[in-house]
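Student: Model the following, please.
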Amino acid sequence: MHLRRPLLGFCLGVSTLATASVSSLLSKSGDVAVIPGWDIQSTREVGTDLEALSGPGVDTTTWHQIDSSRCTLIGCLIKAGVYHENGLFFSNALEEFDSSQFKVPWIYRQEFTLDPQPGQHYHVQTHGISSRADIYVNGQEIVASELQAGAYVGNTFDITKIAKEQNALVIQVHPTNYNYDFSLGFVDWNPYPPDNGTGVWRNVEIKQTGPVSLGPLRVTTQVELPTQNSSALVELKATATNLEDSEVTVELVGSIALEGSDRTYELNETVKILPLGTTELTLSTAVNDPAIWWPKQWGGQPLYTGQLSVSIDGSISDKVERNFGIRQVTSELNAYNDTIFYVNGYPFQVVGAGYSADVFLRWDSAKFTSQAKLMLDLGHNTVRLEGKNEQPELYDIADRLGLMVLPGWECCDKWEAWNYNEDLAVKSEWSEADYTIANKSMYHEAIMQQGHPSVLGYLVGSDYWPDDKAAEMYYHSLKQADWQMPIIASASERGYPEILGPSGLKMAGPYDWVPPNYWYDVEPAEDRLGAAFGFGSELGAGVGTPEISSLKRFLSESDLEDLWKRPNKGLYHMSTSVSSFYDRKIYNTALWRRHGAPSSLEDYLLKAQMLDYEATRAQFEGFSALWNAERPATGLIYWMLNNAWPSLHWNLFDYYLHPAGSYFGAKVGARKEHAAYDYKEKVVYLINRSLNQKGPRTVTVHVIDKTGDLLRLDIKTVETEPNTSKQVLDLWDALVTATDVAFLRIILSDDKGATLSRNVYWLTTTVDTLDWDNSDWFYTPVTQYANFTALNSLEAANVSVTLAASPEREGAAAGLGVTIENHSSVPAVFIRLNLVDGDGEDVLPVIWSDNYVTLWPNEKIELQVEGEGAAAVQVSGKNIKSSEVYL
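Tutor: Numbers count the residues shown, from 1 in each chain. As a prediction, this is how the structure comes out:
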């Protein structure tokens, strides 16, 4: 174990309750308050007498005081300073961590003040506790772990009869087992957290109401298509419960308001509710000329606020509200049984990646906002959540930024313990109680997500489909929650339940390195697995190598040496040790064979970034190019967007949000308007992913050899059309006169001469030959590799970099203009630019207009970069001298 960084810290806790204000947590009906923090301790230390522990006044000064409303056990202990992230993540420290402390139940405890009055009711609301919990208030059990079970189950408990002025809440969480509990597991993505995610990972709330309480607000919208000058029907719905034993008459009031506008709609109705009865309340109205919500690439993101309240004799008894958007999402199966989504009536090619929650399930709104902005900068329109439905804030952020979200359940554990799933090492098939837990989980998540315009659909299965019983429950729970988006059986095409039919999604790999021509080799489709046709729900070339500045934060010197000196070694920061992805053998074989054996760590990382860039660009270009093919590429989810912890693969930006080769290759490949090279057919595609850009475009193609001599020049003007792709130029003989390596540059410009896309490929006279017949589930072997070793002997290029402040833009970080000029007669290959602060540390998050660029002889380009605290730009590349340019 390499303990070069502190793993343990010290926490001298003093109970916050001793000095807490005596003011009530809640002041009026309709108020909801989050339990703001916790005192936590192991039952090894404090025992399991929950009746006593939940009595007010218990001394918790020796407990861990947590200034957070939600955290798993390990997340709480990090928050308290007992452990430090850097220590846990460094080298293999987590492997040596003593997790035995989490094999027993732990206690979460907090006290709160109320002001109980006649006619007032108080409720405890849970939204996510992993995975089983006993809950006590003021010495009385309000629920046992048999009923508070499942990480996504939300419950509401009426505590009115036991509520006092001073109250104590205790939650005893039981150890989580991914094979037996409905939890949040990580499959083979990374090492498992020591606590398996046990704890109060979502907020617990206290709510005050009058005699009538309301369930969560549900909003449905129906919009006429086309959306221009249309109207929409909006319904506000909630379940009302009479908490008293006498009939009550309530005034139901609803409102709908467009944010940033004076456009409002007021609605009301009088309703009678039977003693202890429950009724569904609905108010509806037509909204003329509604503000339509669009994904970012297609338009704006206007949001409405809906509110419902119930009043008795002029006093509010309860109120609920939520933001929503007006839009329409549908899906259908095409002639090939591939799913295609539609947004507001337009065919919507899903372009995105798979998200991972933090390994300790810590939520950070600012970090996710940065991640979402990076996705949009990449040209993505969708993020997939496999079993990591995260916090409500994720959907709020996605709504405002215009990023579609495709949530769903996870694979490879209790969630898919079906009798027909032969992939599980431990298969705990579902009991009747399990069906109930899963059904309650589905309803809770549906209620949380249903009003969000960013939600694209729900995948009720991942690798496997739910059995008919579970599928019917899922379906009816979603419909009960007024779910209006598509319900998809699974992320694969293995099978499907009767009520939902085929999923129309494929999960055929790859997950490890494949060459760029893989994506264009689509025939015969039955043998071409993950190639660019249909909807690939999770696929990628397994790349995502961090740069050295990030690597040094979590790898020891010997770990760094392993990367390039021991290419076949299993690595702790890859996938789990029992996974097919514990080492980089397949990836490194391609690197050694295509680019030559690395001479140093620096050389290895440069070659890795070139390999990563080439791999992701080809994948995103392939799917974009074949959007209008005979069998269209209807969607792709790159595997993965990000990592749960610092990792060596499966990402488009690293754990610290630093973008590298995989990021900038993917960004080029997913541009809104683009010209791309098909490695197999050797043609150029014109790609237009907009809804409104059309007209003449000029495609300019140059091919040069490694000395800078021109081999080919083509200029062609073509018409572009929205939401289409098409072949526009044949380059079959472009490399006929090349001797080894050549460079292909494709520039797409509009009718005013403005550059819309600039794209440079390094190509060779040899090709990567795929052995499709011997494909495995995670990759297709290569029998002959393209030879790029000539890149190792390029003549040096002389490049200058100058910096200038960019004009400020509203909502943007501080900007710089970066001008790069090649003063040589040879190409300057793969120039990497890294923004750093005054201490030489990476500026993060950072947004580059382009990066990892190759310049033609005597070419000059201008880039822009946004990031706070910049002091310099570090410059390096394949055949240029490394330097640093200061502001």
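Student: Three-state assignment for H444, please.
Tutor: Reducing the assignment at H444 to three states with DSSP: H, G, I helix; E, B strand; the rest coil gives helix.
Student: hang on, isn't it packed against Y152?
Tutor: Yes - when contacts are counted by CB atoms under 8 Å, H444 is listed as touching Y152 (5.8 Å). Where C-beta positions appear, they are placed from N, C-alpha and C, glycine not excepted.
Student: Neighbour count for the two, which is higher?
Tutor: A count of neighbours by other CB atoms under 10 Å puts Y152 above the other of H444 and Y152, at 26 against 23.
Student: For K367, the count of nearby residues, please.
Tutor: If you count neighbours by other CB under 10 Å, K367 ends up with 14.
Student: before we move on, which element is it in?
Tutor: Assigned by DSSP states H and E, K367 falls within helix 365-378.
Student: Contacts for that helix next, please.
Tutor: For helix 365-378, the external contacting residues (CB atoms under 8 Å, 6 or more residues apart in numbering) are 296, 352-353, 355, 383, 390, 393-394, 397-398, 401-403, 641-642, 652-653, 657, 659, 663, 666-667, 670, 845, 847.
Student: and these, which are buried?
Tutor: Among the contacts of helix 365-378, those that count as buried by neighbour count (16 or more other CB atoms under 10 Å) are 296, 352-353, 355, 383, 390, 394, 397-398, 401-403, 641-642, 652-653, 657, 659, 663, 666-667, 670, 845, 847.
Student: quick one, helices of this structure?
Tutor: Here the chain has its helices, by DSSP state H, at 43-46, 50-53, 73-79, 85-89, 365-378, 392-401, 432-449, 468-480, 548-554, 557-565, 585-595, 601-625, 661-669.
Student: where's the fifth one relative to the chain centroid, distance-wise?
Tutor: Counting by CA atoms, centre = their mean, to the nearest Å, helix 365-378 is centred 9 Å from the centre of its parent chain.
Student: Out of the helices of the chain, which gets nearest to P275?
Tutor: helix 468-480 (24.1 Å; CB to CB).
Student: can you pull the buried residues of that closest one?
Tutor: By neighbour count with 16+ other CB under 10 Å, helix 468-480 contains the buried residues A470, A471, E472, M473, Y474, Y475, S477, L478.
Student: ok, L274 - how many residues close by?
Tutor: Other residues lying near L274 total 11 when counted by other CB under 10 Å.
Student: So for the nearest residue to it once chain neighbours are set aside, what's the pLDDT?
Tutor: Residue nearest to L274 in three dimensions, not counting chain neighbours: E247, with 5.8 Å by CB to CB, 6 or more residues apart in numbering. Note for E247: predicted pLDDT of 97.
Student: and E247, how many neighbours?
Tutor: Residues lying near E247 (other CB under 10 Å) number 12.
Student: How about the backbone phi and psi for it?
Tutor: Recorded main-chain torsions at E247 are phi -60, psi 150, according to degrees, to the nearest 10.
Student: Run through the residues that contact it.
Tutor: Each residue near E247 by CB under 8 Å, 6+ apart is listed here: K272, I273, L274, P275.
Student: Buried ones among those?
Tutor: Neighbour-count burial (16+ other CB under 10 Å) applied to these gives I273.
Student: In terms of distance to V578, which of the contacts of E247 ranks first?
Tutor: Nearest to V578 among the contacts of E247: I273, at 55.8 Å, using CB to CB.
Student: Just to check, that closest one is in contact with E244?
Tutor: No - under the criterion of CB under 8 Å, I273 makes no contact with E244, lying 9.4 Å away.
Student: Now do the same for the closest residue to A629 other than its chain neighbours: its pLDDT.
Tutor: The spatial neighbour of A629 that comes closest, neighbours along the chain excluded (CB to CB, 6+ apart), is F533 at 6.8 Å. We note a pLDDT of 98 for F533 in this prediction.
Student: Identify the residue nearest the geometric centre of the protein.
Tutor: Y355 (2.9 Å; CA atoms, centre = their mean).
Student: wait, what's in contact with that residue?
Tutor: Taking CB under 8 Å, 6+ apart as the definition of contact, the neighbours of Y355 are Q371, V383, R384, L385, E386, K388, E390, M640, L641, N642.
Student: Please identify which of these is nearest to D31.
Tutor: For D31, the closest of those turns out to be E390, at 25.4 Å, with distances computed as CB to CB.
Student: For the residue lying closest to that closest one once chain neighbours are set aside, report the pLDDT, please.
Tutor: Distance criterion CB to CB, 6+ apart; nearest residue to E390, sequence neighbours excluded, is A357 at 6.0 Å. Listed pLDDT for A357 reads 98.
Student: And the one 10 residues further on, by the same measure?
Tutor: At K367, the model reports a pLDDT of 98.
Student: so how far is V843 from it?
Tutor: For K367, the distance to V843 equals 15 Å [CB to CB, to the nearest Å].
Student: Check S213 too.
Tutor: S213 sits 49 Å away from V843, going by CB to CB.
Student: Distance of I129 relative to W418?
Tutor: 25 Å.
Student: the more surrounded of those two?
Tutor: Neighbour count, other CB under 10 Å: between I129 and W418, I129 has more, with 28 against 18.
Student: The more buried one against N155, yeah?
Tutor: No - using CB under 8 Å, I129 and N155 do not qualify as a contacting pair, with a distance of 9.3 Å.
Student: I'd like to know how far the residue nearest to L274 sits from G119.
Tutor: Note on E247: its distance to G119, by CB to CB, is 15 Å.
Student: What is the end-to-end distance of stretch 620-637?
Tutor: 10 Å (CA to CA, to the nearest Å).
Student: circling back to that earlier point, T769: which of the helices of the chain is closest?
Tutor: When these are compared by CB to CB, helix 585-595 sits nearest T769, at 11.7 Å.
Student: Give the other helices and strands that the closest one contacts.
Tutor: Helix 585-595 is packed against helix 601-625, with contacts defined by 3 or more CB pairs under 8 Å, 6 or more residues apart in numbering; DSSP states H and E.
Student: Now do the helix it packs on against helix 365-378, angle only.
Tutor: In this structure, helix 601-625 runs at an angle of 70 degrees to helix 365-378, with axes from the mean of the first three to the mean of the last three CA atoms, to 10 degrees as the basis.
Student: on that earlier part again, of all the helices of the chain, which one is nearest Q228?
Tutor: Nearest of these (CB to CB): helix 392-401, 22.0 Å.
Student: Can you give the contact residues for that closest one?
Tutor: Under the criterion CB under 8 Å, 6+ apart, residues 293, 296, 301, 303, 323, 325, 363, 365, 368-369, 372-373, 376, 383, 403-405, 448-449, 452-455 lie in contact with helix 392-401.
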